[in-house]
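**Student:** Below is the sequence, then the predicted model.
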Amino acid sequence: MVGKLKGLIWGNVIVVGILIWAVVGNTQSDGFKDSIYPVGRLKPRDSVLTLKVGDKAPDFSLQSVAGLRIPLNQYFAKKNVVISFIPAAWTPVCSAQWPIYNNAKDIFVKNDAMLLGIAVDNSPTLFSWTKNMCGVDKTLWFPVLSDFYPHGAVAKKYGVLRSDGLSERALFVIDKKGIIRYIDVHNINKNPPLEDLVKALEKLNN
């Protein structure tokens, strides 16, 4: 019975994910879609991960597009943290990934987690991109941080800076003690499944 219930729950999560994709597609303007750069197919992974589950998360402090300096350690002992590294603004897969997380805010709240979005683009680029990606009447609920200068320094610290200067499409789940509990360095051409991230967050409560 429990197994069937879990299967039903995860089935609903997948359905919700599909619906979110549909919503994102409908809210983005044609002008925004026309501005997306067609990157083509990239090498799925191009870095050497230097961290592992159980390691202390390297601290950092980055500027958000809102103009605030945000240090990772401000969340220690208060919140779990999900770091989402994305390769580049104004690219197809990235422009779908963060709106999915934006619509899934309740999942992060339920698991007492803060999401930090990190990209190697400069702040003006990230500001314009994030303002356009969700439609005129929506904004991202989580901080978007620029890892532009020194270029990709935080991505390099986490072992996800690619040889072309982009970062990997990577997720790190960090608990309230600052310990890495989950890592997904994903195929850069695809979005990480939302249900895998949900499972990782729920394990923090066990």
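**Tutor:** Noted; the coordinates are in hand. Numbering: from 1, shown residues only.

**Student:** Against Leu161, how distant is the residue nearest to the spatial centre of the chain?
**Tutor:** By C-alpha atoms, centre = their mean, the chain has its centre lying nearest to Ser84, at 2.7 Å. To Leu161, Ser84 is 15 Å away according to C-beta to C-beta, to the nearest Å. Every residue, glycine included, has its C-beta placed from N, CA and C.

**Student:** and what of Asn132?
**Tutor:** Asn132 sits 26 Å away from Leu161, going by C-beta to C-beta.

**Student:** who's more crowded, the two?
**Tutor:** Neighbour comparison, Asn132 and Leu161: the larger count goes to Leu161, with 23 against 19 (by other C-beta atoms under 10 Å).

**Student:** State the phi and psi torsions of that one.
**Tutor:** With angles defined as degrees, to the nearest 10, Leu161 sits at phi -90, psi 120.

**Student:** In three-state terms, how would Thr139 be classified?
**Tutor:** Secondary structure for Thr139, judged by DSSP: H, G, I helix; E, B strand; the rest coil, is coil.

**Student:** contacting residues for it?
**Tutor:** Counting by C-beta atoms under 8 Å, 6 or more residues apart in numbering, Thr139 touches Thr130, Lys131.

**Student:** try Tyr37
**Tutor:** Applying C-beta under 8 Å, 6+ apart to Tyr37 gives the contacts Ala88, Trp90, Thr91.

**Student:** For Pro193, state which of those is nearest.
**Tutor:** Thr91 (19.2 Å; C-beta to C-beta).

**Student:** which element is that closest one on?
**Tutor:** Under the criterion DSSP states H and E, no helix or strand holds Thr91.

**Student:** Please shift the residue numbers so they start at 633 in all later answers.
**Tutor:** Happy to do that; since the first residue is 633 now, the last one works out to Thr723.

**Student:** measure it to Phe708 for me?
**Tutor:** Relative to Phe708, and taking C-beta to C-beta, Thr723 is found at 32 Å.
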